[in-house]
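Peer 1: Predicted model, plus sequence, below.
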Amino acid sequence: MTEKDHILGFFCDTGFIIGLCIETDNHHQECAKLTAKYPIEKHDYFTCLIVCDEVNHWIHRLTGKLIEEEGDKGTKIIERKLKRYFNNFLLKIEVFDVDDVETEATETLKEVYNQIILDLQNLIGYMTPNQINDIKIIATALIWGAYTNCYVHKCFLTVDKGHIFDKRDKIYRIGCRCLKTKNPPLRIKYVGCSSGDGNLAS
């Protein structure tokens, strides 16, 4: 990749990946529009282990449902879709892990990560597995944004409007406070249905 290609870096949540990869998903059109505008061949996309686990769980559940509904035909449908979509996008995404960040004070970084999680619990809640995972995903994305320095713009891509995008200003404040920065380490971009034209400014 050229230096110009590294202007943008993206961090994907689970809903964005599912929305992109499955044509029948409500958010597919907007997710596909964004990746058409910012193709993976020219821009770097990241995610985290929790998102990989959630996507794999979703694939397993969808495969079981299709097999139950359509038997062998359902198996062939899901295999075809997985090869076409997931192999072309999901397998090209780099997995970011907070534990892999090399700093002079790794223990301090883990403390910051845990503090972000605690602050996000008060904002988002932690009563359901989805909320707990969302908090960890957002915390990981904030650390990624703070410690990945080769991009001029870094975006967290989500289809969750109510729990994440609408709370972005408070999430930014939590990130700035915990990471001791004046500016948020990334921007949160909603790419769900009716979100616009795939422009990062919307």
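Peer 2: Looks like it came in fine.

Peer 1: Could I get the contacting residues of P39?
Peer 2: Going by CB atoms under 8 Å, 6 or more residues apart in numbering, P39 touches no other residue. Placement of C-beta: from N, CA and C, glycine included.

Peer 1: Numbering from 51 from now on, please.
Peer 2: Got it, first residue is 51 now, which makes that one P89.

Peer 1: any idea how far W194 is from it?
Peer 2: Distance, P89 to W194, by CB to CB, to the nearest Å: 20 Å.

Peer 1: Over to I214?
Peer 2: From I214 over to W194 the distance is 15 Å, taken as CB to CB.

Peer 1: and if you look at K87?
Peer 2: To W194, K87 is 21 Å away according to CB to CB.

Peer 1: count of residues packed around Y88?
Peer 2: Close neighbours of Y88, defined as other CB atoms under 10 Å, add up to 19.

Peer 1: Equivalent analysis for the one 10 residues further on, please.
Peer 2: Using other CB under 10 Å, C98 has 26 other residues around it.

Peer 1: which residues touch it?
Peer 2: So, once contact is read as CB under 8 Å, 6+ apart, C98 ends up touching F61, V145, F146, D147, K186, I187, T190, A191, W194.

Peer 1: Now compare those and name the two farthest from each other.
Peer 2: Comparing every pair within these by CB to CB identifies V145 and K186 as the most remote, at 13.9 Å.

Peer 1: So those two - more neighbours on which side?
Peer 2: Taking other CB under 10 Å, V145 and K186 do not tie; K186 has more neighbours (19 against 11).

Peer 1: Kindly provide the distance from the more buried one to L207.
Peer 2: Taken as CB to CB, the span from K186 to L207 is 17 Å.

Peer 1: Likewise for F215?
Peer 2: F215 is 10 Å from L207, where distance means CB to CB.
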